[in-house]
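# Just the structure for this:
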Amino acid sequence: MRLATIRARTHGFTVTPAQYARVAYAALGALTLIVLTGAAVRLTGSGLGCPDWPKCYGKDVPPLETHAVIEYSNRMITALVTIAALSAAVVAWRRRPFRRDLALLGTLLPIGVFAQAVLGGFTVRGKLDYGFVMGHFALSMVLLLAGAALVWRVRHAPGERPRSSDRATVWAVRALVPLGALTIFAGTAATAAGPHAGGSPGQAINRLDIDGRGTLSWAIHQHGAIATALGLTAVAVWLWLRRRRDADPLVERSVRAVAVLLAAQGVVGGVQYQLHLPSEIVWVHVGLASGTWLAILWSAAAAGRLVPRTAAAPVATEARTAA
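Here you go, the predicted model:
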């Protein structure tokens, strides 16, 4: 009798849109947190604190050694992130009214976290080869994209925000996304060539090497040039939006946030370069990069989707006929 009651309650379990929104926000927060803790592992030289995976020195509990504890703690946090991602996936199917778009986006999160865990294992087994490390961070940014898309959609019902006919503005804001992704990629290359390869002193790590000792300087300057282009583009788009009387205030505020974050990034980047890349400031730089990426994605989502040209044509025809 009791078992039947439990099954009935489980089968009838549903959540409201407001309740699912909290789950989605928690998942996005967890995905952002793991980026910061992963950066801390690398910047403290703890990437090989546990030289094997998934265990640590063949045991379920790490030895009481600083690097091992830091690395293993990040793995434990990954388990919490997995729970948050799974919750976003499972609960999406119990949301009422049901929305297929939320269910599909939610399902992507645990798949991505699982892929991150597998790639993390290859990264450890590959002795922190720069290719694995760069791919690991890139996948984190893709997961943030999925998490941000999920949060945006839970905030807006289908059709709540009408499609935009302002093609110039939409494409100008969208241009920030690939430029932002390129900036982040260049940043991972600079880190891959720098002193924070993730290993502790004495460990041989395969760093990015294009021009010998000049690789780090080259990578930093390429990253700086691309980031400057992104910053100038963001400011230009923001000024464009301010001059337009019909600009969406949400889009204007979002792009302004991108410009402010990029300005802060420029200051932090300049300071860390002058101080020869201290790990604490580099960690702040990574955190700001994650926040900037989320702001760019939010801006692109706020800009919305365009009215199809085929749908706009009949409207223009009707206007000419009426005239």
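
# pLDDT weak spots in the stretch 201-323 of the chain?
Counting by pLDDT under 70, the stretch 201-323 of the chain has low-confidence residues at 201-203, 311-323.

# What mean pLDDT does whatever helix or strand Ala84 lives in get?
Using DSSP states H and E, Ala84 falls within helix 66-92. Averaging pLDDT along helix 66-92 gives 92.

# Just the angle for the host helix or strand of Ala148 relative to helix 66-92, thanks.
For Ala148, the enclosing helix or strand under DSSP H and E is helix 130-155. Angle, helix 130-155 to helix 66-92, by axes from the mean of the first three to the mean of the last three CA atoms, to 10 degrees: 30 degrees.

# Can we start the residue count at 32 from this point?
With 32 as the first residue, the last one maps to helix 161-186.

# what's the first-to-last distance across stretch 229-238?
10 Å (CA to CA, to the nearest Å).

# buried residues in stretch 127-143?
Neighbour counts using 16 or more other CB atoms under 10 Å place 130, 133-134, 136-141, 143 of stretch 127-143 among the buried residues. Using the backbone N, CA and C atoms, a C-beta is placed for each residue, glycine as well.

# Over to stretch 98-113?
Under 16+ other CB under 10 Å, the buried positions of stretch 98-113 are 98-106, 108-109, 112-113.

# how about the CA coordinates for it, as CSV?
Once side chains and other backbone atoms are set aside, the C-alpha atoms of stretch 98-113 remain, and they are given as CSV (Å, rounded to 0.1, in the frame of the first residue of the first chain):
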residue,chain,number,x,y,z
HIS,A,98,47.7,19.8,-4.4
ALA,A,99,46.0,16.4,-4.1
VAL,A,100,43.3,17.9,-1.8
ILE,A,101,42.7,20.9,-4.2
GLU,A,102,42.5,18.7,-7.3
TYR,A,103,40.2,16.1,-5.6
SER,A,104,38.0,18.9,-4.1
ASN,A,105,37.4,20.1,-7.6
ARG,A,106,36.3,16.6,-8.6
MET,A,107,33.8,16.6,-5.7
ILE,A,108,32.4,20.0,-6.8
THR,A,109,32.0,18.5,-10.3
ALA,A,110,29.7,15.9,-8.6
LEU,A,111,27.5,18.7,-7.2
VAL,A,112,27.5,20.3,-10.6
THR,A,113,26.4,17.0,-12.1
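
# Give me the contacts around it.
When contacts are defined by CB atoms under 8 Å, 6 or more residues apart in numbering, stretch 98-113 is touched by residues 61-62, 64-65, 68-69, 71-72, 75-81, 85, 87-88, 93, 141, 144-145, 147-148, 151, 231.

# Ok, stretch 327-340 next?
Counting contacts by CB under 8 Å, 6+ apart, the residues outside stretch 327-340 that touch it are 175-176, 179-180, 183, 192-196, 198, 200-201, 204-205, 207-208, 211, 279, 281-282, 285-286, 288-289.

# Go again with 6 Å.
Residues from elsewhere that reach stretch 327-340, judged by CB atoms under 6 Å, 6 or more residues apart in numbering: 176, 179, 183, 192, 194-196, 198, 201, 204-205, 207-208, 211, 281-282, 285-286, 289.

# Take the residues you listed and keep only those in helices.
Restricting those to those inside helices, with DSSP state H as the criterion, leaves 176, 179, 183, 198, 201, 204-205, 207-208, 211, 281-282, 285-286, 289.

# List just the nearest of those to Arg126.
Checking these against Arg126 by CB to CB gives Trp183 as the nearest, at 15.6 Å.

# and the gap between the closest one and Val338?
Going from Trp183 to Val338 by CB to CB, to the nearest Å gives 19 Å.

# can you check Thr214 too?
As judged by CB to CB, Thr214 and Val338 stand 30 Å apart.

# Please identify which of those two sits among more neighbours.
Neighbour tally, Thr214 and Val338, criterion other CB atoms under 10 Å: the higher count belongs to Thr214, 25 against 16.
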